[in-house]
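Enquirer: What would the 3D arrangement of this be:
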Amino acid sequence: MNPINAYLVLGTVGSGRLGTVYDIMQNGFMDGSFTAVFASANEPKGEFDAKISDADSGGLITYAEHSDVEKTLGGADAGKFTNVIYIADSSKPLSEEIEFFKSLCDKRILHLCRIWGFIDCELFSADWNFCEPYFDAIAHFSDCVFLTNRAGLEPKQINAIKARYEKMCHPHLYVMVKNGFHVDNPLEITIDEARRISMYFDDYDPVDELDLDEDNLPEEPFDLERKPDIYLQKDEGGKLLKPLPDLRPLRARITDEKRQK
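Expert: Next up, the predicted model:
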């Protein structure tokens, strides 16, 4: 069986990933497509679980472990999947979910079309310095960055988020998620085109990075080993060199404060 076109969805709990995925699933693929949406059992349940499950254009598959995902994708039902959308478990380290998805691509079970990263603008604006490392990692891996939870924020706050990554020359698309989790131009979002900074999913020759020619040869020995992604590098003990903060307590606090008003 040929690899299934797939999309990896990164983001925090409460960032509107499932609702937006439902909108794209309905409007971003060709008629007759069937999209299998994988969501972790650890994620909070909401109205879009049922909507995706009942949709003619796709279905929701809840997984408990990574092995469940791989078993489903290797089963008989996978033959009807036109597309796979894998919503990374926000309770697990980002690196772990990215490495798992990459393993499915390496086994030619999935073909990565794009990575969609969700930036919760309300969360980011509530504590910029604390959230910055996590959302920088999201932007690093993403082909499309979805700006969500913008209601009640000043335009300058949204512009500050965009300006941060524009100054870094990130090539990703920006997608403004509207009320009801609707997005403009969903077909453009699903195009199979890399626009990310990270080269973790790309096939390339490390020699190309050296910019060598016969007139530009180094005098010292050089390493041709492919460099690991900065967010996936680990020390000898297996700990990440760039660990990311857990944003779930901050999101829970913001949600509780809003309920009390």
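
Enquirer: Need phi/psi at Glu96.
Expert: phi -60, psi -40 (degrees, to the nearest 10).

Enquirer: ranges for the helices of the chain?
Expert: Secondary structure of the chain (DSSP state H): helices at 17-27, 47-54, 66-73, 94-106, 121-126, 128-141, 155-167, 186-189, 248-260.

Enquirer: Could you pull up the residues touching Leu112?
Expert: Contact analysis of Leu112 by Cβ atoms under 8 Å, 6 or more residues apart in numbering lists 6-8, 101, 105, 201. All C-beta atoms are positioned from the backbone trio N, CA, C, and that covers glycine.

Enquirer: The helix or strand of the chain with the lowest mean pLDDT - contacts with which helices or strands?
Expert: One helix or strand of the chain scores below all others by mean pLDDT, DSSP states H and E: helix 248-260, with a mean of 93. Packing contacts for helix 248-260, counted by 3 or more Cβ pairs under 8 Å, 6 or more residues apart in numbering; DSSP states H and E, involve helix 121-126.

Enquirer: Narrow the contacts of Leu112 to just the buried residues.
Expert: Neighbour counting by 16 or more other Cβ atoms under 10 Å classes 6-8, 101, 201 among the contacts of Leu112 as buried.

Enquirer: of all those, which comes closest to Ala163?
Expert: Nearest to Ala163 among these: Leu8, at 25.6 Å, using Cβ to Cβ.

Enquirer: how much space between that closest one and Ala76?
Expert: Distance of Leu8 to Ala76, computed by Cβ to Cβ, to the nearest Å: 24 Å.

Enquirer: swap in Asp68?
Expert: As judged by Cβ to Cβ, Asp68 and Ala76 stand 16 Å apart.

Enquirer: So if I had to pick from the two, which one is more boxed in?
Expert: Asp68 (15 against 6; other Cβ atoms under 10 Å).

Enquirer: rewinding a little: for the contacts of Leu112, which one is nearest Phe124?
Expert: Distances from Phe124 to these, taken as Cβ to Cβ, are shortest for Leu8 (20.6 Å).
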